[in-house]
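Visitor: for reference, the sequence and a predicted model appear below.
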Amino acid sequence: MPCFSDRFRQELDLLMRWRRDVRRFRPDPVSPALLAECLEAFACAPSVGLSEPWRVLDVRSVRARQAALENFDSANAQALSGYSGEKAKRYAGLKLSGMREAPVQLAVFCDEQADKGAGLGAATMPETRRYSVVAAITQFWLAARAHGLGVGWVSILDPERLCLGLGAPEGWRLVAYLCVGWPEEASETPELERAGWETRRGRLIVEVR
């Protein structure tokens, strides 16, 4: 068991605080070697039953990216229609994806038909496979941030339409569409908070029963 120093713990806390959802990217490319190094964070991530159910598609082609962007635009328009008044005006002014600028775009899936792990720990709660994918994404995100890269999670999408558009195998379920690149700006404060959409609670509420 390694012994971590106070300095390391302080820097880890700083890294987690700077793990922001980035939507504004510079056009500079990300080297394949750097991306591969960050993706190695998936390899050491925890997973239920050691199932390692994550599957990552590197979305590169113009056709695939255009289909994903059209998916977002459609879902975003539908989401906007669900608001009214000042909230609708504020929503319309938000930048909610970096899909037009991000040099790297990754679609991350959960393979819910994977045999690895033999179902251990997922028989009663099969959703734990998806939780495992989220845990792996978090590790990738921190690794990317440690190298100065920004990551943005696009959740305003029709997942079934995206799976079809990317030709994902049967049994793969979309967990995240990630935009990755060099941030245009840096801020410890979440963009939604700066835009006045919501404020961070800043504390953990724990109930004892």
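Guide: Thanks, I have the structure now.
Visitor: pLDDT at Ser81, what is it?
Guide: pLDDT for Ser81: 96.
Visitor: need the contact list for Val175.
Guide: 54, 108-110, 130, 133-134, 137 (C-beta atoms under 8 Å, 6 or more residues apart in numbering). C-beta here means a position set from N, CA and C on the backbone, and glycine is covered the same way.
Visitor: does Asn76 belong to a helix, a strand or coil?
Guide: helix (DSSP: H, G, I helix; E, B strand; the rest coil).
Visitor: sorry, back to before: out of the contacts of Val175, flag the one nearest to Tyr177.
Guide: Using C-beta to C-beta, Val108 comes nearest to Tyr177 of those, at 7.6 Å.
Visitor: Leu96 contacts Ile156, doesn't it?
Guide: Yes: the pair Leu96 and Ile156 qualifies as a contact (C-beta atoms under 8 Å) at a distance of 5.8 Å.
Visitor: who touches both of the two?
Guide: Listed as contacting both Leu96 and Ile156 by C-beta under 8 Å, 6+ apart are Asn76.
Visitor: one step back: widest-spaced pair of the contacts of Val175?
Guide: Spatially, the most separated pair among those is Phe109 and Val134, at 12.0 Å (C-beta to C-beta).
Visitor: and the helices in the chain?
Guide: Ranges of helices in the chain, per DSSP state H, are 6-17, 32-43, 62-80, 85-92, 128-146, 159-166, 191-194.
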